[in-house]
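Asks: Below are the sequence and a predicted model for it; my questions follow.
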Amino acid sequence: FFSPPHPATPDPLWSRGLGDVYKRQIYNFLLRTLERTLPIMNALISAIKDKQKIIFANEGRLFKKSFFGLLILILAFQTGNFGNVIRDSMVDAYLAVSVFVGFTLFVFIGLDSLTKFDIHSFLEKTKKLHVPIASFLGAIPGCGGAIIVVTQYIQGRISFGALVGVLTATMGDAAFLILAIEPSTGLLIFGLGIIVGTISGYVVDFIHGQNFMIANTNIELEFEKLKKTFVSKFNIFWLILFLPGFIVGILLAFQIEVDDILNLPSNISIVTLLGSAGAILSIFMWSLNPLSDFQCSTDTSRGFLSRVIDTTNFVSTWVISGFLVFEIFMYFTSIDLKLFFDLWLPFVPLIAILFGFLPGCGPQIVVATFYLNGYIPLSAELGNAISNDGDALFPAIALAPKAAILATFYSAFPAIIVAYSYMIFFE
């Protein structure tokens, strides 16, 4: 290596002396080092870019949520009759709905946190019962059970009929709202979901066979996890408002005038204070939460309390939005929505079913709010409950779009049959 080059081809570096040879060695060493580290640097840059995508996605999500939350709060602080209408709607939404949804979530998420049930091994041992099991998991309030079944289908472990069964049976987070306000109706929808989902799943498997549209993949779904968020710092304030709000909500449900019992001055209302503060805090925490609505209701990496509060805030914001839609529409148009829907009654269940095709739980919570306020009949709510797929549709669309679209289309048939059968025979 150190021998001089052939005289016929003199090396310019060698002609400058032995020190230049060391320079060449250093140059070659650096070149080899760079060649070896270049893939690592590329991987690092790629990871940084991916992280930037997550950050930018969160920033875009936060911007949209913050804008929406700010819009509601601006409406709440309006003066005059319009401002009173907005604030009364928010108080009613929080004390008549949100506090009961929160209590229901404490029960269901608490049970989920206490149990260590391994659904994956259970499905392996019960292959002949996949359709009814999938329907049962879908009918459970929330989207967690349905998403588990969807991931099992994506990995080729269950049939297309089981996918149709779970998407038919699930009602998503709107089920918490119905159970909190009308438990008997919630149980009716739960039972119907299991029965209709099971029948639909078996019919689809009978028509197409159990291997229809099965993709044997090893895809593992992994969602962005945040064990603690900025809004978690406000959990204690949320609980301070929730506990007395829940008690006041129970008293109001029994037509007991809380302000009269407390003998407060006429210009002070504990109902208005609790309801307004609870609603505003819920919207504030939801709008600044970096988790999407999908993650709020499905991510289990956070603590029990954060899961309950985040999901309650998400549902509460959509419930308040539904209340505001009614009140603002009637304030500016003076149209009786109940009379309007009564005039178009034969088409109302069909419209509710079409709303069910929209992915996510937000639109379905609005439909449930319409029902609970008496604007649409139970037949329409039943049709929406069967046709909607909740948040379970998101991973299905992302990883198996053809199967997701076809399964959603199939769920329309039992939704139409159940909704219009109930309308004809019971309404």
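Replies: Here it is on my side, so go on.

Asks: In stretch 251-266, which residues are buried?
Replies: L252, V258 (16 or more other Cβ atoms under 10 Å). C-betas here are computed from N, CA, C, even on glycine.

Asks: Now do it: distance from first to last residue.
Replies: Terminal residues of stretch 251-266 lie 19 Å apart, using Cα to Cα, to the nearest Å.

Asks: for it, the distance to its chain's centre please.
Replies: Taking Cα atoms, centre = their mean, to the nearest Å, one finds stretch 251-266 lying 35 Å from the centre of the chain it belongs to.

Asks: Spell out the secondary structure type for Q255.
Replies: Here Q255 is recorded as coil under DSSP: H, G, I helix; E, B strand; the rest coil.

Asks: Read off the pLDDT value for it.
Replies: Looking at Q255, its pLDDT stands at 76.

Asks: D259 now?
Replies: pLDDT recorded at D259 is 84.

Asks: my read: it touches V271, true?
Replies: Yes. With contact defined as Cβ atoms under 8 Å, D259 counts as touching V271 (5.9 Å).

Asks: what's the spacing between V308 and A400?
Replies: Here V308 is placed at a distance of 31 Å from A400 (Cβ to Cβ, to the nearest Å).

Asks: What does D173 show for phi and psi?
Replies: Dihedral pair for D173: phi -70, psi -10, per degrees, to the nearest 10.

Asks: residues contacting it?
Replies: P141, G142, C143, S297, T311, F314, V315, C361, Q364, I365, G390, D391 (Cβ atoms under 8 Å, 6 or more residues apart in numbering).

Asks: Neighbour count and distance to A174 for those residues - can I get that in a markdown table?
Replies: Conversion of the contacts of D173 to a markdown table gives the following (neighbours: other Cβ atoms under 10 Å; distance: Cβ to Cβ, whole Å):
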| residue | neighbour count | distance to A174 |
| --- | --- | --- |
| P141 | 25 | 9 |
| G142 | 25 | 10 |
| C143 | 26 | 10 |
| S297 | 26 | 11 |
| T311 | 26 | 12 |
| F314 | 27 | 12 |
| V315 | 30 | 8 |
| C361 | 32 | 6 |
| Q364 | 30 | 4 |
| I365 | 28 | 5 |
| G390 | 29 | 8 |
| D391 | 27 | 11 |
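
Asks: and which of those is nearest L73?
Replies: Nearest to L73 among these is F314, at 16.5 Å by Cβ to Cβ.

Asks: Please enumerate the helices of the stretch 201-350 of the chain.
Replies: Counting by DSSP state H, counting those that start in this stretch, the stretch 201-350 of the chain has helices at residues 235-253, 258-262, 270-287, 293-298, 304-333, 337-343, 348-356.

Asks: cool, and the stretch 51-200 of the chain?
Replies: Under DSSP H, counting those that start in this stretch, the stretch 51-200 of the chain gives helices at 80-93, 99-114, 119-125, 130-139, 144-154, 160-169, 174-181, 183-208.

Asks: more crowded one of V308 and A400?
Replies: Set V308 next to A400 and count neighbours by other Cβ atoms under 10 Å: V308 wins out with 26 against 22.

Asks: pLDDT wise, what is the more buried one at?
Replies: For V308, the predicted pLDDT is 88.

Asks: just A47 next, same as before
Replies: pLDDT, A47: 41.

Asks: what do you get for the one 4 residues further on?
Replies: K51 is assigned a pLDDT of 41 by the prediction.

Asks: Can you pull out the low-pLDDT segments for the stretch 301-427 of the chain?
Replies: The model of the stretch 301-427 of the chain has pLDDT under 70 over residues 398.

Asks: let's see 50
Replies: Applying pLDDT under 50 to the stretch 301-427 of the chain flags no residue at all.

Asks: returning to that earlier point: which among the helices of the stretch 201-350 of the chain is found nearest to A380?
Replies: Ranking those by proximity to A380 (Cβ to Cβ) places helix 348-356 first, at 3.9 Å.

Asks: Mind checking the helices of the stretch 201-350 of the chain for the one nearest to F67?
Replies: Of all those, it is helix 270-287 that lies closest to F67, at 8.2 Å by Cβ to Cβ.

Asks: any residues touching the closest one, and which ones?
Replies: Outside helix 270-287, the residues within contact range by Cβ under 8 Å, 6+ apart are 62, 65-66, 68-70, 72-73, 76, 87, 90-95, 98-99, 231, 234, 237-238, 241-242, 244-245, 248, 252, 258-259, 262, 264, 309-310, 312-314, 316-317, 320.

Asks: From those, keep the buried residues only.
Replies: Among the contacts of helix 270-287, those classed as buried by 16+ other Cβ under 10 Å are 65, 69, 72-73, 76, 87, 90-95, 98-99, 231, 238, 241-242, 245, 248, 252, 258, 309-310, 312-314, 316-317, 320.

Asks: tell me the contacts of the nearest residue to A253 once chain neighbours are set aside?
Replies: Nearest residue to A253, sequence neighbours excluded (Cβ to Cβ, 6 or more residues apart in numbering): A96, at 7.4 Å. A96 makes contact with I181, G249, L252, A253, according to Cβ under 8 Å, 6+ apart.

Asks: How many neighbouring residues does the first one have?
Replies: By other Cβ under 10 Å, 20 other residues sit near I181.

Asks: Confirm P359 sits in a helix?
Replies: No. Counting by three-state DSSP, P359 falls outside a helix, being coil.

Asks: where's it relative to L262, distance?
Replies: To L262, P359 is 45 Å away according to Cβ to Cβ.
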